[in-house]
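Engineer: Test case, fold it:
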Amino acid sequence: MIEREKYLKRAKTWNIVLMLLTAFTILMNAAALSSTLNPQRSAYDTFEKAGMDADKMFQHANTLPVKVMFILGLALSICLVVSYFLAHKKMAADEIPTKWPYLVLIGWQVIDMLFNIVYDPTGVNLTTSRGMLSLVMMYAIACVVPVVVYYNLFHAEKSTEQLS
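Structural biologist: Numbering: from 1, shown residues only. From the prediction side, this is the model:
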């Protein structure tokens, strides 16, 4: 029983961290919503100063797939923060919540990473090992917290089954 409580407490703590990170993501995405759905060419002048093709970046940002992925990511984040809150309530009641929201987030991270690799307007992610490595590392770091929550919920559930 002590093992179960330990794992459940860890899962609850990391769930709160994930809930806060996701809420912050929602706020940042909501702030960027208008500029993502209606990008202005002047916002890409910085890329030109850095030696990149600003027109290519602007055209990329103004495509339907980029906008759809942004909207899907925002909608999914809202759904996930609600499910994290419901999971928090269950864990506060000493119950083990469902693990699907954490798997959905990991799956979304993989889909988003593949989209960014395939749909990269600069080609940096496909042509340089540093570009690919930095992209993969960024997504791997984003998956750490949901993996930790899932791990602790899995072991809490396993401890419960051993008691039965």
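
Engineer: How are the helices of this protein distributed by residue range?
Structural biologist: 2-31, 33-37, 45-49, 54-61, 64-92, 100-118, 124-127, 129-142, 144-163 (DSSP state H).

Engineer: will you turn those helices into CSV that also has mean neighbour count?
Structural biologist: Yep, even glycine has a C-beta here, placed from its N, CA and C like the rest. Converted to CSV, the helices of the chain look like this (neighbours: other CB atoms under 10 Å):
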stretch, mean neighbour count
helix 2-31, 16
helix 33-37, 13
helix 45-49, 12
helix 54-61, 16
helix 64-92, 16
helix 100-118, 16
helix 124-127, 14
helix 129-142, 13
helix 144-163, 17
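
Engineer: May I see those organised as TSV, with mean pLDDT added?
Structural biologist: Output for these, formatted as TSV (pLDDT from 0 to 100):
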stretch	mean pLDDT
helix 2-31	95
helix 33-37	91
helix 45-49	80
helix 54-61	83
helix 64-92	96
helix 100-118	92
helix 124-127	60
helix 129-142	83
helix 144-163	90
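
Engineer: ok, for Y84, nearest residue in space, not its chain neighbours?
Structural biologist: Distances taken as CB to CB, 6 or more residues apart in numbering put M19 closest to Y84, at 4.2 Å, once the chain neighbours are dropped.

Engineer: My guess is the one you found contacts H88. True?
Structural biologist: Yes: in this structure, M19 is within contact of H88 by CB atoms under 8 Å, at 6.6 Å.

Engineer: who touches the residue nearest to Y84 in this structure?
Structural biologist: Applying CB atoms under 8 Å, 6 or more residues apart in numbering, we find M19 in contact with 81, 84-85, 88.

Engineer: Distance to E5 for the residues you listed - can I get that in TSV?
Structural biologist: Shown next, in TSV, are those (distance: CB to CB, whole Å):
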residue	distance to E5
V81	25
Y84	20
F85	21
H88	16
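
Engineer: quick one on the thing from earlier: gap between the residue nearest to Y84 and R4?
Structural biologist: Relative to R4, M19 is positioned 22 Å away (CB to CB, to the nearest Å).

Engineer: same check, this time on N38
Structural biologist: Distance from N38 to R4, by CB to CB: 51 Å.

Engineer: What of C143?
Structural biologist: Computed as CB to CB, the C143 to R4 distance reads 25 Å.

Engineer: One more: W108?
Structural biologist: From W108 to R4 the distance is 29 Å (CB to CB).

Engineer: Leaving out chain neighbours, which residue sits closest to V147?
Structural biologist: I106 (6.9 Å).
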